[in-house]
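J.: missing the sequence, but the structure's below:
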């Protein structure tokens with residue numbers, strides 16, 4: 001399975017592609033030793049991540065194939081429905097999925113495609129940042145990036161002619 005390290009403001013991102021589908025994206029890619037990241041297979045991922053970090057992209061349009069049980073797939077779909085710049089609690093997502101917060105938390109913690117399947121948008125019921133495979137500093141940085149980009153978009157709306 002081809003893999004690459006893509007530089008980002010939150011550190012190197014480890015990405016893997018299989019049969020044209022993004023199957024993995026981990027924020028703590030510093031220990032990985034993948035192939036060079038100039039492989040054209042990674043160009044769409046690199047481009048969309050650059051746009052996201054530059055504030056020009058709020059949703060991703062990449063073919064994804066995260067591994068997981070049917071329940072985990074439901075959690076991943078629900079995560080992708082959380083709008084850019086917003087958060088949900090584990091309990092809110094659990095109620096939406098008619099499940100328990102711990103089951104949602106476990107599936108969220110096993111998400112193999114971070115950022116694009118935005119597991120960082122789930123927070124504790126008291127608003128605290130909890131569990132993130134890449135570390136809470138990265139989770140905080142991603143949420144701050146989205147909230148500041150969202151605020152900038154709202155401040156410039158409606159467009160002035």
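T.: Great, that's in hand. Remember, it's a predicted structure, so these values are computed and weren't measured experimentally.

J.: going forward, measure contacts and count neighbours with C-alpha atoms only.
T.: OK.

J.: First residue to last residue on stretch 84-103, what's the distance there?
T.: Criterion C-alpha to C-alpha, to the nearest Å; first-to-last residue distance in stretch 84-103 is 23 Å.

J.: now the strands: where do they sit in the protein?
T.: With strands called from DSSP state E, the chain shows them at 3-6, 13-18, 21-26, 88-89, 122-123.

J.: need these in TSV with mean pLDDT and mean neighbour count, can you?
T.: TSV is the format used below for these (pLDDT from 0 to 100; neighbours: other C-alpha atoms under 10 Å):
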stretch	mean pLDDT	mean neighbour count
strand 3-6	89	24
strand 13-18	92	22
strand 21-26	95	20
strand 88-89	96	18
strand 122-123	93	24
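
J.: who wins for proximity to residue 65 among those strands?
T.: In terms of C-alpha to C-alpha, the element of the strands of the chain nearest to residue 65 is strand 21-26, at 5.1 Å.

J.: List the contacts of the most centrally placed residue in the chain.
T.: The residue lying closest to the centre of the chain (C-alpha atoms, centre = their mean) is residue 115, at 1.5 Å. Applying C-alpha atoms under 8 Å, 6 or more residues apart in numbering to residue 115 gives the contacts residue 25.

J.: Reformat the strands of the chain into CSV and put distance to residue 47 next to each item.
T.: CSV is the format used below for the strands of the chain (distance: least, C-alpha to C-alpha, whole Å):
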stretch, distance to residue 47
strand 3-6, 10
strand 13-18, 13
strand 21-26, 14
strand 88-89, 27
strand 122-123, 25
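
J.: For residue 99, find the nearest of those.
T.: strand 88-89 (13.1 Å).

J.: Which strands or helices does that closest one pack on?
T.: For strand 88-89, the elements it packs on are strand 122-123, judged by 3 or more C-alpha pairs under 8 Å, 6 or more residues apart in numbering; DSSP states H and E.

J.: which residues make contact with the strand it packs on from outside it?
T.: For strand 122-123, contacts defined as C-alpha under 8 Å, 6+ apart pick out 87, 88, 89, 90, 129, 130.

J.: Direction included, what does that strand pair up with?
T.: If you go by DSSP bridges, strand 122-123 pairs up with strand 88-89 (parallel).

J.: contact partners of the partner strand?
T.: Residues outside strand 88-89 that contact it (C-alpha under 8 Å, 6+ apart): 82, 121, 122, 123, 124, 125, 127.

J.: Could you check how far residue 7 is from residue 129?
T.: For residue 7, the distance to residue 129 - C-alpha to C-alpha - is 24 Å.
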